[in-house]
Every structure is written in structure tokens, then in C-alpha cells.
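**Student:** here is the input, now give the coordinates:
(chains A and B)
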Amino acid sequence: MAIQKPSIPKGTRDFSPEIMAKRNFIFDTIKSVFKLYGFQAIETPAMENLSTLLGKYGEEGDKLLFKVLNSGDFLSDVSETELSERNLTKLSTQICEKGLRYDLTVPFARYVVQHRNDIQFPFKRYQIQPVWRADRPQKGRYREFYQCDVDVIGSNSLLNEVELVQIISDVFSKLGLNTITKLNNRKILSGIAEIIGQKDKIVDITVAIDKLDKIGLEAVNKELSEKGLPENAIEQLQPIINLSGNNYQKLDQLSQVLSQSEVGMKGISEMRTIFDYLSAIELNTEVELDLTLARGLNYYTGAIFEVKAKDYAIGSICGGGRYDDLTGIFGLKDVSGVGVSFGADRIFDVLSGLEQFPSSAQATTDLLFVNFGAKEEAYIMPILQKLRKAGINTELFPESDKMKKQMTYADKKSIPFVAIVGENEMTQGTISLKNMISGEQNTMNLEELIVFFKENKK
RNA sequence: GUGAGUGUAGCUCAGUUUGGUUAGAGCAUCGGAUUGUGGUUCCGAGGGUCGUGGGUUCAAGUCCCAUCAUUCACCCCA
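**Tutor:** Numbers count the residues shown, from 1 in each chain, chains lettered A, B, ... in the order given. Down below sits the predicted model:
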């Protein structure tokens, strides 16, 4: 076989040690906050039955699912006529019964239904795993990426929404990022559509309004009319598009427009409650009511969240919302859930772009012992054990290579200290410790060395 | 699904406009100066199907066509 140039699939990435240290810093930070609020970890398989995934993300989503070909003779149940028809959608369900998960929310819903008798509700879970989308990759968009989901299921309380905003605030505060958290409510959007008599056009309306900043009022109105909205409906929308003021002022304006819509008023009152709670606590993220937030309308029923980094343009870095009946499709009715998902890969890109990673995100070996040969190795082994017991990350170079090579290893691996124990040190019972940053070198015994690191580490 | 850009050393790229000897640079790697001292310096070495296939030509990294890969943007989304 010819030698092939190795490569990885489009939109996927290798993570080298330096990158992993930084990624783990993000994951650890997020996890620690999740735990702080009483959430517990679960994991679900990379593959789900295709039937679990299909139809949950809209037509567009179905197209972006990675499907897994059946094992064995996957064509055994396909007739020649079906093959020649080339109905790909139908064929794919015949030859694939599994697919890679597209997000963590739908597998979670499936999990909740399947384990409903073992779960103590309200169930607060977090889940940090990769998901896959057969999208065209581009900046900040990958085919394999990690989501960090945190959801509460089995509780209607708006306290959960408030808590999620706090979690968002805590996470990004710990990561040192300035953010803006945008809130919307599906009920308000429904109310708007109801008032202007265009119930089935909610998505079109919000998508169009969303472009206001980008393309301007005129173009938005043009797009609305292209989507089939009558003139008078567009007319009625104007005060909503031009909504201004602080969050409460926006809600006041909305309640005038939506006074005749029960669902719309419900949404407004929900948002008031949330803002009231939020105003009582300190937050590190700016919270803003934004009616143009249209994400996940396929299943969100109440609050909708989206977080953007203020100092770096990369799309949203966190998003989510409330879904009243996500488990309904799997046969468990009236279980409401609300959650958000942190996009770890985008957060990574933001932190990299802003050079915001702390030095603690580069932790490696603390101390490398130079290897001079078999005699020294035997002498050092018990020392290594004691150092490790004392919590010092220590390694002994495994070959008695040239010192230059061993020093270069320490240098490239950013190991801050090198211990030199050769014949001289062995007879004197000392260790020569070289500081790789300053270059200075000191002689000490083992106890002094341990004390030195314990003091230096903090 | 639509549109644009880019493919030359492990990496970042020059060379393509105007075809012409043996395809270059920086970084990285390896060796030496320096057999108990890395990062700085100096000397040297290895490393190329010029993405792939075809065409034009006396001659193609360079021009033409096709194809593949990859990046960016749109739609949508973390």
C-alpha cells in the first residue's frame, strides 16, 4: 500500500498538550460552577438511534446529522427499485439506524424518559461531551465540538431561569470575559404573531427582525413582505421592531401592544419576574431583553438565552432556553425543562483571541531529574517517590542522554526546575536545583527541596 | 445547498504577472562548537510526486482544462 499523507476529517481537530491544558482550564471552570449550584454529571453515548434524533432539529437539522452506516450487508433490505429511485432520505433510514448526537439536549430528554423512575425530580444535570454536525466548517464552526450543557428538568419555577443567568455570570466572570446575556421569551413572540394575525410566521418574523443591525429597517420590512406578511401586519410590527429603553421600559411598551394576547402577557409577566429576581443579585454579565433572539424556536416554549462575548466577534458562546414538552415526544408528558449550553470551543477561540488564558492553564511538570546513568537512577527512584507523595509533579528523564538533550527537553516542556544528581551530589547527599528561568543553581537536601516547592507552588 | 479564495519543505510563505540552468527564505528538526548545564550566538546537515490528472510547448511550479483538498462568506448554528 502506498504511503498516505495522514489527515483528519474536515472540521475536526487534534488537541496538543498545550491546547489541552487550556481546554481543561475551561472545562474545569465550567464544571466547578455547575457543581456549585448542585448539578450532577451524566454522559450519554456518542451514537443514538437515528429515530431519536430525526425530526427534532427541523428540516435543516436532519440534513446536518451524521448517520452511521449499518454493519454487515446494509443493503440487504433495499430492493433494486428502491435503489434506482435514489430517494436519499428514505434510503438513509433503511441503511442507517444510528446517528452521531447533534446536541446534548435531545439525548438528555431521551435519558430522562428512559430513567424516569430512577430520577429524583427536579433533576439538575450537567453534561460535557462532544457533538457532531455535518455543517460546512468555517471560523468558529466545527464538525466536532464540545457542548457543556446544564439543565433543570421537572420544575416550572422561574427561579431556574434566574439561576442559569447566575451560572452564566459566574462562569464568564471566572474566565475573565465581558459578556452580554440576551433574553427573550417564546410566549412574547407568539403573542406578537397572534396580535398581527400571523401565527405561523413567528420564525420568519424573528429571523428578519434579527437582521435589523446588519441591514437596516427598510431591508427588514422588505424581507418581511417577501416572506408573505401583509402590509398592515408589518405596520403593526413597527413599534416592536423599534423597541427601546431599558428592560422594564421595553416590557411596558410590549404590554400595551400585546394586551389582547393572553400568551403574550404571560410571557411579559414571566420576564418581569425574572428581571425582578435578577435585580436583587450582583451579576457580571449585562442582561438585556432582545426580541430578535430566535434560536431553537423548534422546541423552546418560554425563556430563550444567548450569550455573546463583548470584546470578540464569534457568534454566541452560550445559548439555551425553556422547553415545556421536550420529553413529550418520547412519551413523558408535562415535564418542563430549562437549560443552557456553553460552547467550549468558541470560548476557547475567544480566550485565545484575547490572550486571556491564565498562566495556571499551562501546568506541567514541576521538576525534572537529569539522568546520568544506572547508578544515579537507582539512587533517585526513592527520591522521586517522596517528591510525588509531597504533591510535586516530578519526572526523571528516562535515558542517560547528553545533558544538552535533557536540558532542551526541560526547556521545551516549560519545566521550571531541573534537579541534577550525579556523583558529587550522591556522595554529599545533596541535590543541585537549577531554576530554568533565571538560570541560577542552588544545592540543598531533599527536605529543603520539598519545602522549597511547597512554598513556591502557592 | 450557494459564492469566493488558497494548494510549493514538518510549519509560515516567496517564486506564477512576462514559461527558460540544479525551486528559495524564515521558523522547526538533527549534528557540531560545548562528554555536568537548556533558553542567546556561530558553523553545518537532512528534508520537495511544486495537491492530483490531462493539455499547450523545444521547454510548465509558472499558461489552459478537469478533479480533489482546504479556508472564508451566505443559509443555519455552539
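**Student:** helices and strands around the strand or helix carrying residue A:348, which ones?
**Tutor:** Using DSSP states H and E, residue A:348 falls within helix A:344-354. Under the contact definition 3 or more C-beta pairs under 8 Å, 6 or more residues apart in numbering; DSSP states H and E, helix A:344-354 sits against helix A:17-36, strand A:144-153, strand A:316-323. All C-beta spots, glycine's among them, are computed from the backbone N, C-alpha and C.
**Student:** as CSV, the ones you listed with mean pLDDT and distance to RNA strand B would be great.
**Tutor:** Shown next, in CSV, are the helices and strands packed on helix A:344-354 (pLDDT from 0 to 100; distance: least, C-beta to the nearest atom of the strand, whole Å):
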stretch, mean pLDDT, distance to RNA strand B
helix A:17-36, 92, 13
strand A:144-153, 94, 4
strand A:316-323, 90, 3
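**Student:** state the distance from residue A:63 to residue A:326.
**Tutor:** 21 Å (C-beta to C-beta, to the nearest Å).
**Student:** quick one, which of these two is more surrounded?
**Tutor:** Per other C-beta atoms under 10 Å, whichever of residue A:63 and residue A:326 has more neighbours is residue A:326, with 26 against 12.
**Student:** does that one really touch residue A:105, like I thought?
**Tutor:** Yes. Residue A:326 is within contact range of residue A:105, at 7.0 Å (criterion: C-beta atoms under 8 Å).
**Student:** quick check: neighbours shared by those two?
**Tutor:** The contact sets of residue A:326 and residue A:105 overlap at residue A:299 (C-beta atoms under 8 Å, 6 or more residues apart in numbering).
**Student:** poorly predicted segments of the stretch 301-450 of chain A, please.
**Tutor:** Applying pLDDT under 70 to the stretch 301-450 of chain A flags residues A:363.
**Student:** need the residues of it near RNA strand B, please.
**Tutor:** Neighbours of RNA strand B within the stretch 301-450 of chain A, by C-beta under 7 Å from any atom of the strand: A:306, A:315-319, A:341, A:343, A:345-346, A:372, A:402-405, A:407-408, A:410-412, A:418, A:420, A:422-425, A:432, A:434, A:436-439, A:441.
**Student:** looking at those residues, which are in helices?
**Tutor:** A:345-346, A:403-405, A:407-408, A:410-412, A:423-425 (DSSP state H).
**Student:** farthest pair within those?
**Tutor:** Checked with C-beta to C-beta, these reach their widest spread between A:346 and A:423, with 54.4 Å between them.
**Student:** neighbour-wise, which of those two wins?
**Tutor:** residue A:346 (22 against 11).
**Student:** that one against residue A:313, yeah?
**Tutor:** No. Assessed by C-beta under 8 Å, residue A:346 is found out of contact with residue A:313, at 11.0 Å.
**Student:** domain parsing of chain A, as residue ranges.
**Tutor:** A:10-173, A:178-310, A:364-457 (automatic domain parsing).
**Student:** and the ones you listed: which comes nearest residue A:332?
**Tutor:** Using C-beta to C-beta, those put domain A:10-173 closest to residue A:332, at 4.5 Å.
**Student:** okay, how far is it across the closest one, tip to tip?
**Tutor:** End-to-end distance for domain A:10-173, by C-alpha to C-alpha, to the nearest Å: 33 Å.
**Student:** what does the model give the nearest residue to residue A:314 once chain neighbours are set aside for pLDDT?
**Tutor:** Nearest residue to residue A:314 in three dimensions, chain neighbours excluded: residue A:140, at 4.4 Å (C-beta to C-beta, 6 or more residues apart in numbering). As predicted, residue A:140 sits at a pLDDT of 83.
**Student:** got it, and residue A:184?
**Tutor:** 92.
**Student:** and it, that's in a strand?
**Tutor:** Yes. The assignment for residue A:184 is a strand, going by DSSP: H, G, I helix; E, B strand; the rest coil.
**Student:** how about the strands in the stretch 1-150 of chain A?
**Tutor:** Taking DSSP state E, counting those that start in this stretch as the test, the strands found in the stretch 1-150 of chain A are A:40-41, A:47-49, A:67-69, A:96-100, A:123-132, A:144-153.
**Student:** return the most buried member of these.
**Tutor:** strand A:144-153 (a mean of 23; mean count of other C-beta atoms under 10 Å).
**Student:** so what does that strand touch, helix or strand wise?
**Tutor:** If you count contacts as 3+ C-beta pairs under 8 Å, 6+ apart, strand A:144-153 packs onto helix A:17-36, helix A:105-114, strand A:123-132, helix A:159-175, strand A:337-343, helix A:344-354.
**Student:** any idea which of those is most buried?
**Tutor:** Taking mean count of other C-beta under 10 Å, strand A:337-343 is the most buried of the helices and strands packed on strand A:144-153, at a mean of 26.
**Student:** just the C-alphas of that strand, formatted as CSV.
**Tutor:** Extracted in CSV, the C-alpha atoms of strand A:337-343 (Å, rounded to 0.1, in the frame of the first residue of the first chain):
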residue,chain,number,x,y,z
GLY,A,337,-37.1,21.7,31.4
VAL,A,338,-34.8,24.7,31.1
GLY,A,339,-31.1,24.8,30.4
VAL,A,340,-28.2,26.4,28.6
SER,A,341,-25.2,25.1,26.7
PHE,A,342,-21.7,26.6,26.8
GLY,A,343,-19.8,26.4,23.6
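**Student:** for it, what is the distance to the chain centroid?
**Tutor:** 9 Å (C-alpha atoms, centre = their mean, to the nearest Å).
**Student:** packing partners of that strand?
**Tutor:** helix A:105-114, strand A:144-153, helix A:159-175, strand A:303-309, strand A:316-323.
**Student:** paired strands for it, with orientation please.
**Tutor:** strand A:144-153 (antiparallel), strand A:316-323 (antiparallel) (DSSP bridges).
**Student:** quick check: angle from it to helix A:105-114?
**Tutor:** 140 degrees (axes from the mean of the first three to the mean of the last three C-alpha atoms, to 10 degrees).
**Student:** contacts for strand A:337-343?
**Tutor:** A:30, A:103-105, A:109, A:112, A:145-154, A:160-161, A:164, A:167-168, A:171, A:302-303, A:305, A:307, A:316-323, A:326-327.
**Student:** angle of that strand against strand A:123-132?
**Tutor:** Counting by the same axes, to 10 degrees, strand A:337-343 lies at 40 degrees to strand A:123-132.
**Student:** what bridges to the residue of the stretch 201-350 of chain A found nearest RNA strand B?
**Tutor:** Relative to RNA strand B, the nearest point of the stretch 201-350 of chain A is residue A:343 (2.6 Å; C-beta to the nearest atom of the strand). Counting by DSSP bridges, residue A:343 is bridged to residue A:147.
**Student:** so residue A:289 touches residue A:180, yeah?
**Tutor:** No. Judged on C-beta under 8 Å, residue A:289 makes no contact with residue A:180 at a distance of 11.6 Å.
**Student:** more neighbours: which of the two?
**Tutor:** Neighbours per residue, other C-beta under 10 Å: of residue A:289 and residue A:180, the larger number sits with residue A:289, 23 against 14.
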